[in-house]
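[1] I'll drop the sequence and a predicted model, then ask my questions.
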Amino acid sequence: MITHDILTRNVGGVRQARGVRDVATLEKELKKRSAQDQLDYLRNQIEMRVIGLGWTQFGTRWSSRKDDSVGSLDHLKSLLKDVLAEEKALGRLGQLPTCAAPPPMRVKSYKQLGTPCIDAQELQGQVRASVRPSVRPSARPPARPRRAVYCCQALFNVDELEAKAQLVREQREAAGISDRVEDGQPELPPPFDESLVGKEIEVLWPYKNNGKTVLIWAPGRVAAIADGTFKKNPRCKNLVPADAVLFAWEKDDRFEEKEGQQWRVLDPRRWAKQKHYSWRYSARQLLAERAEKAKEKAQEATARASGAQKRARKR
């Protein structure tokens, strides 16, 4: 489901800017790209607002046989500047969308045959043609007159759309097509030190299912980390390799798995991969990591504010 977060992307659990925010940044981004890449970049920036935010008043054609200026670099750049001005104006008013706009339905005018029935009249009462007005008109004249794009409001609201999207996401995860836990993993693995002890992780473990070996994410926790002095058991002469972890898991009746623990060398190169004995944070640990980062940021912000107040008093 597309929301205003489409202007950012998730990289290692951290939101990073994806949508251009101002004209100066736009010019810098265009200088880095070839002519065709510039057109693709401008189209992507426009579509993420028109489709994702429902700003259909900025909808445009990407080419035209009758007018070569349609879809040109100057045309799309001018249009995107209008979009950025609209976005900036809405931001000042605190009116930027916080959820996805239901997909609009385009309507065409047909000659009416007969009179509307009761069902048609009721439908006309629910669906009305509308044009989204701009908060701030463009300060520059457009390269060519832009035809208003008429659309119909969808017959379902955002809550219904979000519920449907959530159901589809759960179905995709159950089918193994997508995995939100994998999408939320940090880009780099955690360090092999005492800070890892006690954290919940998952290891891509091989299991037998109907005679076939399948890889399943097995949840557990890090009970200890080898430092070159641990042995697998008292009878064993060889020491456990340094940086190996003692992976402990609970009983799992689904796979007839008893509670246990095992020393396992976790390869950092297999962090959050789909390979044998890959490993990653569990869903619950991901939430804990995000909460810890949010707490650290809040403390840093408080410290900066306190320092600013002290400097202001000295002045």
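    Arrived safely, thanks for sending.
[2] C-alpha only now, for contacts and for neighbours.
    Fine.
[3] All the strands of this protein, in order from the start?
    8-11, 14-17, 129-130, 151-152, 200-209, 212-225, 245-249, 260-264, 279-281 (DSSP state E).
[4] Among the ones you listed, single out whichever gets nearest to Glu160.
    strand 151-152 (17.2 Å; C-alpha to C-alpha).
[5] low pLDDT regions in the stretch 51-200 of the chain?
    For the stretch 51-200 of the chain, applying pLDDT under 70 flags the ranges 100, 103-108, 123-158, 176.
[6] repeat that for 50
    Applying pLDDT under 50 to the stretch 51-200 of the chain flags residues 128-154.
[7] Could I get the buried residue list for the lengthiest helix in the chain?
    Ranked by residue count, the top helix of the chain under DSSP state H comes out as helix 283-314. Residues of helix 283-314 classed as buried by neighbour count (16 or more other C-alpha atoms under 10 Å): 283, 285-286, 289.
[8] And these, which two are furthest apart?
    Among those, Ala283 and Glu289 lie farthest apart (C-alpha to C-alpha), at 10.0 Å.
[9] so how far is Glu256 from Asp74?
    Applying C-alpha to C-alpha, to the nearest Å, the value for Asp74 to Glu256 is 65 Å.
[10] Look at the two and report which has more neighbours.
    Between Asp74 and Glu256, counted using other C-alpha atoms under 10 Å, the more crowded position is Asp74 (13 against 8).
[11] any idea which residue of this protein is furthest from its center?
    Arg235 (50.1 Å; C-alpha atoms, centre = their mean).
[12] Can you name the residues that contact that residue?
    By C-alpha atoms under 8 Å, 6 or more residues apart in numbering, Arg235 lies in contact with nothing.
[13] what's the burial count for Ala163?
    Neighbours of Ala163 (other C-alpha under 10 Å): 11.
[14] swap in Trp271?
    21.
[15] Pretty sure Pro97 sits against Trp55.
    No: assessed by C-alpha atoms under 8 Å, Pro97 is found out of contact with Trp55, at 10.2 Å.
[16] who has more neighbours, these two?
    Neighbours per residue, other C-alpha under 10 Å: of Pro97 and Trp55, the larger number sits with Trp55, 21 against 16.
[17] Who's the closest spatial neighbour of the more buried one, skipping the chain neighbours?
    Excluding its sequence neighbours, the residue lying closest to Trp55 (C-alpha to C-alpha, 6 or more residues apart in numbering) is Arg49, at 6.1 Å.
[18] With Tyr277 instead?
    Excluding the flanking residues, the one nearest Tyr277 by C-alpha to C-alpha, 6+ apart is Leu204, at 4.8 Å.
[19] Relative to Leu266, how far out is that neighbour?
    To Leu266, Leu204 is 11 Å away according to C-alpha to C-alpha.
[20] Give me the common contacts of these two.
    Shared contacts of Leu204 and Leu266, defined by C-alpha under 8 Å, 6+ apart, are found at 277-279.
[21] Could you tell me which residues within stretch 217-230 count as buried?
    Counting neighbours by 16+ other C-alpha under 10 Å, stretch 217-230 gives 217-226, 230 as buried.
[22] what's the answer for stretch 241-251, then?
    Those would be 241, 243-249, for stretch 241-251 by 16+ other C-alpha under 10 Å.
[23] How about stretch 171-180?
    In terms of neighbour count (16+ other C-alpha under 10 Å), stretch 171-180 has no buried residues at all.
[24] how far does it stretch from start to finish?
    End-to-end distance for stretch 171-180, by C-alpha to C-alpha: 12 Å.
[25] contact partners of it?
    Taking C-alpha under 8 Å, 6+ apart as the rule, stretch 171-180 contacts Arg169.
[26] Now do the longest helix of the chain against strand 212-225, angle only.
    Orientation check (axes from the mean of the first three to the mean of the last three C-alpha atoms, to 10 degrees): helix 283-314 against strand 212-225 gives 40 degrees.
[27] which other helices and strands contact helix 283-314?
    strand 200-209 (3 or more C-alpha pairs under 8 Å, 6 or more residues apart in numbering; DSSP states H and E).
[28] Tell me the strands beside the strand it packs on, with direction?
    Applying DSSP bridges to the sheet, strand 200-209 is found paired with strand 212-225 (antiparallel), strand 279-281 (antiparallel).
[29] What pLDDT is listed against the closest residue to Asp267 other than its chain neighbours?
    Using C-alpha to C-alpha, 6+ apart and skipping the chain neighbours, the partner closest in space to Asp267 is Ser278 (7.4 Å). The score at Ser278 is 93. That number is its pLDDT.
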